[in-house]
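1. Provided below for reference: sequence and predicted model.
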Amino acid sequence: MLSDGELFWIIENGVRFTGMPAFGGVHRAQDSWNLVLFIRHLPQLTMEERAEMERYNRRGPWKPPWLPALPVPNGEAGPK
């Protein structure tokens with residue numbers, strides 16, 4: 001498991017060749033530390049916290065692109 005300092009370093013500097021960009025210099029260092037705290041809290045998320053996060057997620061919950069749209073009770077196709 002990575003230490004808090006290692007997570008902070010990854011957030012600030014990114015990881016080459018992985019798609020993880022560097023955010024150092026773009027945001028305040030305190031924002032990166034807040035993200036470390038958030039990452040540490042994820043395993044303890046309550047259902048209420050998850051529901052609140054999903055309310056603020058404009059794209060909605062992720063689903064695999066190959067998963068077909070599910071029918072809804074009124075017969076219209078679900079979200080795509």
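-> Yep, that arrived.

2. Using CSV, write out every CA atom in the top helix by length along the chain.
-> Assignment by DSSP state H gives helix 29-41 as the longest helix of the chain. Output in CSV follows, covering the C-alpha atoms of helix 29-41 (Å, rounded to 0.1, in the frame of the first residue of the first chain):
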residue,chain,number,x,y,z
ALA,A,29,-0.9,21.6,-2.7
GLN,A,30,-3.7,21.5,-0.1
ASP,A,31,-6.1,20.3,-2.9
SER,A,32,-3.8,17.3,-3.5
TRP,A,33,-3.7,16.5,0.2
ASN,A,34,-7.5,16.7,0.2
LEU,A,35,-7.5,14.2,-2.6
VAL,A,36,-5.3,11.9,-0.6
LEU,A,37,-7.7,12.0,2.3
PHE,A,38,-10.6,11.3,-0.1
ILE,A,39,-8.8,8.3,-1.6
ARG,A,40,-8.2,7.0,1.9
HIS,A,41,-11.9,7.4,2.7
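
3. That one packs against which elements?
-> With contacts defined as 3 or more Cβ pairs under 8 Å, 6 or more residues apart in numbering; DSSP states H and E, the secondary structure elements packing on helix 29-41 are helix 4-13. Using the backbone N, CA and C atoms, a C-beta is placed for each residue, glycine as well.

4. still on that earlier bit, got the angle between the longest helix of the chain and helix 4-13?
-> Between the axis of helix 29-41 and that of helix 4-13 there is an angle of 120 degrees, by axes from the mean of the first three to the mean of the last three Cα atoms, to 10 degrees.

5. List the buried residues for helix 29-41?
-> Within helix 29-41, the residues that qualify as buried by neighbour count (16 or more other Cβ atoms under 10 Å) are 32, 35, 36.

6. Please identify the nearest residue in space to the last one, excluding sequence neighbours.
-> Leaving aside its chain neighbours, residue 36 sits nearest to residue 7 (4.8 Å; criterion: Cβ to Cβ, 6 or more residues apart in numbering).
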